[in-house]
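Q: Mind looking at a prediction? Sequence and model below.
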Amino acid sequence: MSEAVIAVALVWVAVSGTAVVLTRDPLRQAFVAGFFGLGLALLYLSLQAGDVALSQIVVGAIALPLIVLLSLAKVRKDRE
Amino acid sequence: MSRRARLAFFTVAAAALAVTLGVGLGGLPSFGSQISAYARMLNGLAQSQRHVTDVVSAISFDYRGIDTLFEEFILLSAVAGISVLLRPLSDETRELPADKAPDRSIPPPSPAVWLLAVFLSSLLVLIGIETVTHGQLTPGGGFQGGVILASAIYVVYLGTNYVTVERFQPAPLLEASDGVGASGYVFIGLLGLLVGASFLSNVVGLGVAGNLISGGTIPLLNLVVGVEVAAGFAILASEFLDQTAVIRTRRR
């Protein structure tokens, strides 16, 4: 059972990590990176690292996309 | 430096990195192998020595407390660096969004978004406090709980507007909390010196393992880290938000 969860998490991380690299638009990339972060969190959780998983969720799915989004908004406003 | 010299420099550096990384990775325990002797020892000792049920907290805030002290100061200096970088420059001014078109009010968010923000922000505050205070019992602690607390402010911004969210996070309060949180860690560490033990030794009464108040200095350190991280991430978000919402290039 736990092997299945680990396998799902590993595949999710591999697929979403590749998707982050292949996404060229920075706005979409921020969202894809958020899903990549959630995948990593699931992987850490399935490997029984609950503390690391929590840190990964708060940084990867909240802080990083937020800062990328706000920076993008600034860059776009300056271009207008 | 010429292109050829740069390439040569890169090749040497990359080869050195590949060799050291390869040797390092080769020495790692294999995937899913048995846990190390050190981890086994701590798993057996942490609960009886420190009266905590989350061994990871005992490691980060007690056995390896000095590492966490430096990690906390990494965040503090990162936040200070961002604040310096994102200050209004000489060719920029601060204008509130409302100043641009005084006759037009900022459109309010839809009631559904507002309701969701009210619900989510109160829930996030609760979960944040829960995560900070239960660090010694369950996975979590000051760092994770602090970011959750700060994210409550992001949600307030989502459901309202810039002027409202600024009322929730006065800059002097955030900066003071950031500093108090960071220095609080050092002061709790100094408690050890005060009673004649070493820096950051766990000198407060340990309590009963499994109770909310247990683990001696571990929950106290979690608390100050929580304050520091919550304020630090709120400052980060507020600096970036300022850049987006009120700092504009001065028109010539």
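A: Right, received. Where do you want to start? Numbers count the residues shown, from 1 in each chain, chains lettered A, B, ... in the order given.

Q: Determine the three-state secondary structure at the residue of the stretch 51-200 of chain B found nearest chain A.
A: In the stretch 51-200 of chain B, the residue that lies nearest chain A is B:Pro139 (3.2 Å; Cβ to the nearest Cβ). Heads up, the C-betas are built off the backbone N, CA and C, glycines and all. At B:Pro139 the chain is in coil, as set by DSSP: H, G, I helix; E, B strand; the rest coil.

Q: which residues sit against the helix or strand hosting B:Leu115?
A: Element membership of B:Leu115 [criterion: DSSP states H and E] is helix B:111-133. Contacts to helix B:111-133, defined as Cβ atoms under 8 Å, 6 or more residues apart in numbering or on different chains, come from residues A:54, B:108-109, B:140-142, B:144-146, B:148-149, B:151-153, B:155-156, B:158-160, B:212, B:219, B:222-223, B:226, B:230.

Q: Next, the buried residues of that helix.
A: By neighbour count on 16 or more other Cβ atoms under 10 Å in any protein chain shown, the buried set for helix B:111-133 is B:117, B:120-121, B:124-125, B:127-128, B:131-133.

Q: if we can go back for a sec, for the residue of the stretch 51-200 of chain B closest to chain A, which residues are in contact?
A: Residues in contact with B:Pro139 (Cβ under 8 Å, 6+ apart) are A:50-51, A:53-54, B:54, B:56.

Q: Put the alpha carbons of whichever strand or helix holds B:Asn43 into PDB.
A: For B:Asn43, the element it lies in under DSSP H and E is helix B:37-50. Output of helix B:37-50 as PDB, limited to C-alpha atoms (Å, rounded to 0.1, in the frame of the first residue of the first chain):
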ATOM      1  CA  ALA B  37      21.900   4.300  14.100                       C
ATOM      2  CA  TYR B  38      21.700   8.000  15.100                       C
ATOM      3  CA  ALA B  39      18.000   8.200  14.200                       C
ATOM      4  CA  ARG B  40      17.200   5.000  16.000                       C
ATOM      5  CA  MET B  41      19.000   6.200  19.100                       C
ATOM      6  CA  LEU B  42      17.100   9.600  19.100                       C
ATOM      7  CA  ASN B  43      13.700   7.800  18.400                       C
ATOM      8  CA  GLY B  44      14.300   5.800  21.600                       C
ATOM      9  CA  LEU B  45      15.700   8.600  23.700                       C
ATOM     10  CA  ALA B  46      13.900  11.800  22.800                       C
ATOM     11  CA  GLN B  47      10.600  11.100  24.500                       C
ATOM     12  CA  SER B  48      12.200  10.100  27.800                       C
ATOM     13  CA  GLN B  49      14.900  12.800  27.700                       C
ATOM     14  CA  ARG B  50      12.900  15.700  26.500                       C
END
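
Q: I'd like the mean pLDDT over the next helix or strand along the chain from it, please.
A: Going down the chain from helix B:37-50, the next helix or strand is helix B:55-58, by DSSP H and E. Summarised as a single mean, pLDDT over helix B:55-58 is 89.

Q: does helix B:55-58 come close to chain A?
A: Yes - between helix B:55-58 and chain A, judged by Cβ under 8 Å from any Cβ of the partner chain, the touching residues are B:56-57.

Q: Using CSV, list the CA coordinates for that helix.
A: In CSV, the C-alpha atoms belonging to helix B:55-58 read as follows (Å, rounded to 0.1, in the frame of the first residue of the first chain):
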residue,chain,number,x,y,z
VAL,B,55,11.2,13.7,17.7
VAL,B,56,11.8,16.1,14.8
SER,B,57,11.0,19.1,17.0
ALA,B,58,13.3,17.7,19.7
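
Q: so what's the closest residue to B:Gly140 other than its chain neighbours scoring on pLDDT?
A: Distance criterion Cβ to Cβ, 6 or more residues apart in numbering or on different chains; nearest residue to B:Gly140, sequence neighbours excluded, is B:Thr131 at 4.0 Å. According to the prediction, B:Thr131 has pLDDT 93.

Q: Please apply the same query to B:Asp242.
A: On pLDDT, B:Asp242 comes in at 85.

Q: Can you get me a residue count around the residue nearest to A:Lys77 when sequence neighbours are not counted?
A: Take A:Lys77 and drop its neighbours on the chain: the residue closest to it by Cβ to Cβ, 6+ apart is B:Thr244, 6.7 Å away. Using other Cβ atoms under 10 Å in any protein chain shown, B:Thr244 has 19 other residues around it.
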